[in-house]
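Colleague: sharing a sequence plus its predicted fold:
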Amino acid sequence: MRKNIIIIIFIIFITIILPLATAHAQQVSLSLSPPLLELFIKPGKAIMVAYNLKNYSDPTFLNLKILPFEAKDNLGNIRIKSEFEGPVRFSLDNADLKLDQPFFLKTNDSQQILLRIRIPENITDGDYYYSLLAETIPPTSSEGIGSARAKATIGSNILVTISNSGNVDIKPKIALFSVRGKIFDSSDKIPVVLTVVNKGKNIIKPEGQISLKGNFGETAKYDIISKNILARSERLLEATPSALLDCDKGTDGACPASTLILSGFFIGKYNLSTEIRFGENSPTIFGFTTFYAFPFKIIAGIIFTSLIVVFIIKKEKILADI
Amino acid sequence: MDSSRFKIESANIEIAGGNKSSTSYKLADTVGQLAAGQYSSSGYVVKAGFQYLHSIIPFRFSISDINIDFGTLVPSTPSTATTNLTVYFGGAGQYQVTAVEEGPLKTQSSNAIPDTSCDGGANTCNESLAKVWSSASAYGFGYGMSGNDIPADFIDGTYFRPFPARTVAESPATVMTNINVGKNRSSTVTFKTNISSIQPAGSYQTVINFVATPSY
């Protein structure tokens, strides 16, 4: 009898309670590719670009829209503006889709988005930056309770350079090239910071290296990762291979952002130089900085050990004298 | 250079320009030209994806539960609910997730649970700074974060912030970001609300918009 009751409770749990519990966890999981589009285009021209939007989770209604963005900081983050602006015209070539009109996407279904980008005639040369955004329509709320509903939006950035002649305005400058600190322990990890400011009207893409040279002739070279720097903005560059600070391995975000983390055993004076280009035959910009490293921890350890040894010898000598 | 997924075309730069130098740095300005032949014939050059990454993992964003249910709210008894945010960014290099609320939790008759200021005094939080919110007499609505790539001010589970509100034109808050190339990054958002005994009864609702974007 008792066994039957347990079985009945188990069946009730499986058939009624478990489905109710899972029904509340409505998930959203979307992908959008490509994640970035760079377009160099003349006024009066139009192109069509195909995106792929995939729904990996529960069926949902989605809405597509285009909004302009600007650089938020020097780390590559963006600030999306709330209203559309700029001369670039966007529309969809899909027969069954329009911007700002909801559509339904089933689980594991993909939707090809045919985005037409048109530049009107007589537009002034310059850069314009936009995000293609796919946002879910939040579910209807439950009455009688306190609740928040989450809306998921995924974006893909579009960088448009309009140039009638094909000429671009390249005005880069190194805003900062230094190490965080000047004197280090030989075993310390050494963070290097390299920030480039783009004073021109068009996007630039740095290429180059950071070189390390020690006072014993040892050298190392680190390649700069070629990331875009938006017009009239600055960006912290990254170089590779880079070590990680301990805090980067964890879950917190307390580590200050760095271009490169040098690791190894350093002694003496080190010279760091950088050489950055912005495409074939472009001018090269340079930066230079130094740092010093000494084995403070090892010296402190030797002194501490010596003091203890001297103390022990003296104490034994006193005991022997007694 | 091309692959099965994208084509990279290098630029042809420098038609005119000049260099300027100082003691430490050198400023170069120039006028360049983009892939001259193709540009003049077709009128455009397109590049898709990131040059420095080759990955077949698309940029993907997930929310584990979009219904944030606090149940029936009891005065001076904080209610919490959680959801997980996950970002896959194999082909996007770096990313950010921002959050903004449509407005405070409110009823259809516009009774509102205000956004939290945490415990107040030295522990007064705002949209960009998390502080301790543990007092049962501190009322409001806010959120805490734990997991990967979250802001450093969410020190532990007692730290909260109010959401910025779109209705008063506040800028969305960055809740996850990573400038390094990585794999699946996941965080937990803890939503919290606490009401006073004079809070009018009703069904309090709002919408939180989480926006995930790759970098440029």
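Modeller: Received it, and whenever you're ready, just let me know what you need. In this text, all values refer to a predicted model and were calculated from it rather than measured experimentally.

Colleague: ok, the nearest residue to B:Glu127 once chain neighbours are set aside - contacts?
Modeller: Distances taken as CB to CB, 6 or more residues apart in numbering or on different chains put B:Pro164 closest to B:Glu127, at 4.3 Å, once the chain neighbours are dropped. To be clear about C-beta, it is placed using only N, CA and C from the backbone, and glycine gets the same treatment. B:Pro164 sits next to B:Ala99, B:Val100, B:Glu101, B:Glu127, B:Glu170, B:Ser171, B:Pro172, B:Ala173 when contact means CB atoms under 8 Å, 6 or more residues apart in numbering or on different chains.

Colleague: likewise B:Tyr143?
Modeller: B:Tyr143 neighbours (CB under 8 Å, 6+ apart): B:Ala99, B:Phe160, B:Arg161, B:Pro162, B:Phe163, B:Val189, B:Thr190, B:Phe191, B:Lys192.

Colleague: wait, is A:Lys297 part of a helix?
Modeller: Yes - using DSSP: H, G, I helix; E, B strand; the rest coil, the assignment for A:Lys297 is a helix.

Colleague: now it, nearest residue through space, not along the chain?
Modeller: Using CB to CB, 6+ apart, the closest residue to A:Lys297 is A:Asp185 (5.3 Å).

Colleague: surely the one you found and A:Ala293 touch.
Modeller: Yes - between A:Asp185 and A:Ala293 there is a contact under CB atoms under 8 Å: 6.8 Å.

Colleague: ok, back up a step: name the nearest of the contacts of B:Tyr143 relative to chain A.
Modeller: Sorting the contacts of B:Tyr143 by how near they are to chain A, with CB to the nearest CB, puts B:Phe191 at the top with 5.9 Å.

Colleague: do a quick rundown of the helices in chain B.
Modeller: For chain B, the helices defined by DSSP state H occupy B:36-42.

Colleague: more neighbours, A:Asp185 and A:Ala293?
Modeller: Set A:Asp185 next to A:Ala293 and count neighbours by other CB atoms under 10 Å in any protein chain shown: A:Ala293 wins out with 22 against 17.

Colleague: quick one: low-confidence parts of the chain?
Modeller: Using chain A. Counting by pLDDT under 70, chain A shows low-confidence ranges at A:1-24, A:141-145, A:246-254, A:281.

Colleague: oops, chain B please
Modeller: Low-confidence segments of chain B (pLDDT under 70): B:1-40, B:51-56, B:90-93, B:180-182.

Colleague: domains for it, by residue range?
Modeller: Domains of chain B are assigned by automatic domain parsing as B:1-48, B:60-214.

Colleague: wait, which of the ones you listed is closest to A:Pro35?
Modeller: When the domains of chain B are compared by CB to CB, domain B:60-214 sits nearest A:Pro35, at 4.0 Å.

Colleague: and the closest one, end to end?
Modeller: 10 Å (CA to CA, to the nearest Å).

Colleague: picking that back up, now the domains of chain B in a markdown table, with distance to A:Ala239?
Modeller: Putting the domains of chain B into a markdown table (distance: least, CB to CB, whole Å) gives the following:
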| stretch | distance to A:Ala239 |
| --- | --- |
| domain B:1-48 | 17 |
| domain B:60-214 | 12 |
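
Colleague: highest mean neighbour count out of those?
Modeller: Most buried of the domains of chain B, by mean neighbour count (mean count of other CB atoms under 10 Å in any protein chain shown): domain B:60-214, with a mean of 19.

Colleague: quick check, central residue of chain B?
Modeller: In chain B, the C-alpha nearest the mean C-alpha coordinate belongs to B:Thr98, at 1.8 Å (CA atoms, centre = their mean).

Colleague: is it true that that one touches B:Arg166?
Modeller: No - counting by CB under 8 Å, B:Arg166 is not a contact partner of B:Thr98; they are 11.2 Å apart.

Colleague: quick check: neighbours shared by those two?
Modeller: B:Pro172.

Colleague: dump stretch A:267-276 to PDB, restricted to CA.
Modeller: Output of stretch A:267-276 as PDB, limited to C-alpha atoms (Å, rounded to 0.1, in the frame of the first residue of the first chain):
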ATOM      1  CA  ILE A 267      66.700  42.400 -14.200                       C
ATOM      2  CA  GLY A 268      67.900  45.900 -15.000                       C
ATOM      3  CA  LYS A 269      66.600  48.500 -17.500                       C
ATOM      4  CA  TYR A 270      64.200  47.500 -20.300                       C
ATOM      5  CA  ASN A 271      63.200  49.600 -23.300                       C
ATOM      6  CA  LEU A 272      59.800  49.200 -24.800                       C
ATOM      7  CA  SER A 273      59.100  50.600 -28.300                       C
ATOM      8  CA  THR A 274      56.100  50.400 -30.600                       C
ATOM      9  CA  GLU A 275      55.700  50.900 -34.300                       C
ATOM     10  CA  ILE A 276      52.200  51.200 -35.700                       C
END
